[in-house]
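Asks: Task: produce atomic coordinates for the following.
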Amino acid sequence: MPTFDEAALVKGIAHGQIGGISLDTTAFDRYQCNLEVPALLGLAQFLGSKTQFILSEVVAGEVKSHVARDAAKARQELRSALREIRHRWRMPVDSNAIEAEMGLQQSPQDFAETYFNAFADITKPEIISADGRVSHAEILRRYFAPEPPFSAKDRKKSEFPDALALLSLESWAIDNKTLVLVVSRDGDWQTFAKSSKNLICIPDLDQALDYFNGEARFIVERAAGLLRNKAAPELNDAIGSALELFLEEFDPETDAYASLDYEVDNLESAVQHWEVVQEFEPKVLNADADTVVFSITVDAIVNFTGNFRYYVHDTVDRDEVYLGSDSKEVEQTVRLPLTVTIERNIDKEPVVERIDITPVRVVIGFGLVDPDWGPEE
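Replies: Residues are numbered from 1 along each chain as shown. Next up, the predicted model:
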């Protein structure tokens with residue numbers, strides 16, 4: 001990898017040395033392959049610029065595969081829930097009609113293709129094919145050497161897609177006599193970039209986009225400063241409202257211990273307090289003549305109330321025997337990444353246009369739970 005610290009990378013961008021920006025699958029997975037988040041859609045800013053958004057055909061295929069996998073899982077969970085409704089409510093349920101009403105007639109694969117194409121129509125990536133760019137001989141040489149992205153570990157057979165993707169991106173960079181900034185949290189990609197003369201790898205898309213939007217950083221720093229100093233009440237209220245709306249549909253995992261089998265019938269949440277995490281500097285994701293988009297991270301102290309339903313399995317009747325219910329409250333800090341869009345011109349305080357929150361994996365620990373049997377007689 002060329003020797004580029006942060007200052008050199010910013011200078012290289014300003015001087016047009018970075019001719020391409022690319023992502024690996026881990027960058028998409030960070031957003032659960034939600035191709036509508038502002039950070040990913042912000043890649044459209046490179047249209048017509050000196051830096052081109054490029055994607056390996058391998059990464060494009062893996063993203064579609066992940067979208068199709070998750071869509072298939074969600075549809076299967078819906079079908080299981082409808083069967084449970086049919087069984088528990090003792091009523092007919094027309095699963096096909098419900099799926100049709102929700103627009104789920106497509107196969108998961110067709111949905112993934114359509115969804116990715118909609119993203120590509122906005123961001124216009126150049127899809128880099130390995131065919132004609134990567135030779136079998138070079139792949140096999142690296143495999144047996146082993147050289148990055150292959151390692152000496154047993155799992156190196158699974159690294160063939162990485163090799164095809166990375167070598168094709170490097171070939172594109174060589175042909176275009178430029179450098180490519182690659183966003184990846186994958187250790188194999190980072191190791192390969194260290195040995196490459198054409199690829200620079202950083203782990204975070206927010207940071208990558210921030211490098212390209214330095215001229216708007218003073219606007220974001222002012223907005224963040226007003227927020228920290230409690231001098232932006234409208235922005236403060238907008239973030240609080242966004243957190244409440246997000247938590248209404250948030251579906252975290254639950255972890256509890258009980259002497260009986262249980263289900264969580266309902267999980268309620270209420271924000272008690274939130275604050276901006278100071279250790280994470282705001283990142284500028286996009287900027288135009290009218291708006292600036294930036295990311296911040298907040299810690300929200302949330303009160304979670306879990307409603308637990310207890311049962312045992314009757315091995316004779318093969319049924320569940322209900323043994324009561326109970327609720328339990330816990331307070332837990334949840335760290336959430338936010339994307340904030342504000343008007344570029346700040347008068348007394350920022351004018352908010354929209355706030356998006358990136359879902360993260362959260363496990364709510366309820367500890368020991370059991371039915372409340374009441375006072376012993």
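
Asks: switch to C-alpha atoms for all contacts and neighbour counts from now on
Replies: OK.

Asks: neighbouring contacts of stretch 193-201?
Replies: 1-2, 4, 148, 170, 173-174, 178-184, 189-190 (CA atoms under 8 Å, 6 or more residues apart in numbering).

Asks: In the stretch 251-377 of the chain, where is pLDDT below threshold?
Replies: Counting by pLDDT under 70, the stretch 251-377 of the chain has low-confidence residues at 315-319, 373-377.

Asks: how about 90 then?
Replies: The stretch 251-377 of the chain contains residues with pLDDT under 90 at 251-267, 289, 306-327, 347-348, 358-362, 368-377.

Asks: what are the ranges of the strands in it?
Replies: 253-257, 261-276, 283-287, 291-314, 319-343, 352-357, 363-368 (DSSP state E, counting those that start in this stretch).

Asks: Run me through the strand neighbours of the first one, direction for each.
Replies: So that's strand 253-257. strand 363-368 (parallel) (DSSP bridges).

Asks: Go ahead and produce CSV holding the CA coordinates of the strand it pairs with.
Replies: Written as CSV, here are the backbone C-alpha positions of strand 363-368 (Å, rounded to 0.1, in the frame of the first residue of the first chain):
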residue,chain,number,x,y,z
VAL,A,363,-28.8,-8.0,23.3
ILE,A,364,-31.0,-7.0,26.3
GLY,A,365,-30.0,-8.9,29.4
PHE,A,366,-32.9,-9.5,31.8
GLY,A,367,-31.0,-11.9,34.1
LEU,A,368,-33.1,-14.4,36.1
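
Asks: if we can go back for a sec, what's the most distant pair in the contacts of stretch 193-201?
Replies: Farthest pair in the contacts of stretch 193-201 (CA to CA) is Pro148 and Thr178. Separation: 21.0 Å.

Asks: Between the two, tell me which one has more neighbours.
Replies: More neighbours surround Pro148 than the other of Pro148 and Thr178, with 23 against 18 (other CA atoms under 10 Å).

Asks: show me what contacts the more buried one?
Replies: Applying CA under 8 Å, 6+ apart, the residues near Pro148 are Arg142, Ala163, Asp188, Thr191, Phe192, Ser195.

Asks: re the thing from before, among the strands of the stretch 251-377 of the chain, which is nearest Gly42?
Replies: Here strand 283-287 is closest among those (CA to CA), at 6.0 Å.

Asks: From the chain's centroid, how far away is the closest one?
Replies: Taking the mean of its C-alpha atoms, strand 283-287 sits 17 Å from the chain's own mean (CA atoms, centre = their mean, to the nearest Å).
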